[in-house]
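Trainee: sharing a model that was predicted from the sequence below.
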Amino acid sequence: MAEARTPAQIEADIDRRRQELAVVLDEIGVRMHPSTIIGDARAKVTSKVDHVTGRACVAANRVVSEVRSRFVTEEGEPRLERIVPVALVAVGVIGLLVSKPSRKR
């Protein structure tokens, strides 16, 4: 059987629980404060943007490396057998775009 508590023990227990409740309410107040909510949302967005930006940079670096490896040897020498045809096609397309007469009304 449980011992009977004295009024002083009951009051001490009530005071302790009141202090615990005050701490919990303070924490809720901080978490629910608009600046905290905005800060948390901003942190999540920043984290997501950093993650997406990082992945985009890795993907872009991979593409640049692949393209570079097609036109430059491992020693850093240009692969003229691949560069010259691409350059000729680019010059031809630019020439067609420049020489095409524009229609004006």
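Mentor: Cool, got the structure.

Trainee: which residues in this structure form helices?
Mentor: Read by DSSP state H, the chain holds these helices, from start to end of the chain: 7-32, 34-71, 80-99.

Trainee: got the angle between the first one and helix 34-71?
Mentor: To tie it back to what came earlier, the one meant is helix 7-32. Following axes from the mean of the first three to the mean of the last three CA atoms, to 10 degrees, one obtains 50 degrees for the angle between helix 7-32 and helix 34-71.

Trainee: what comes up buried for helix 7-32?
Mentor: By neighbour count on 16 or more other CB atoms under 10 Å, the buried set for helix 7-32 is empty. Every C-beta, even on glycine, is put in place using the N, C-alpha and C of the backbone.

Trainee: quick one on the thing from earlier: tabulate the helices of the chain (CSV), appending mean pLDDT.
Mentor: Putting the helices of the chain into CSV (pLDDT from 0 to 100) gives the following:
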stretch, mean pLDDT
helix 7-32, 95
helix 34-71, 95
helix 80-99, 92
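
Trainee: burial count for Phe71?
Mentor: Around Phe71 sit 13 other residues, with neighbours defined as other CB atoms under 10 Å.

Trainee: pretty sure it is touching Val84, no?
Mentor: No. Taking contacts as CB atoms under 8 Å, Phe71 lies outside contact range of Val84: 10.6 Å.

Trainee: return the backbone torsion pair for Glu77.
Mentor: In this entry, Glu77 is assigned phi and psi values of phi -80, psi 140 (degrees, to the nearest 10).

Trainee: how close does it sit to Glu66?
Mentor: When distance is defined by CB to CB, to the nearest Å, Glu77 is 18 Å away from Glu66.
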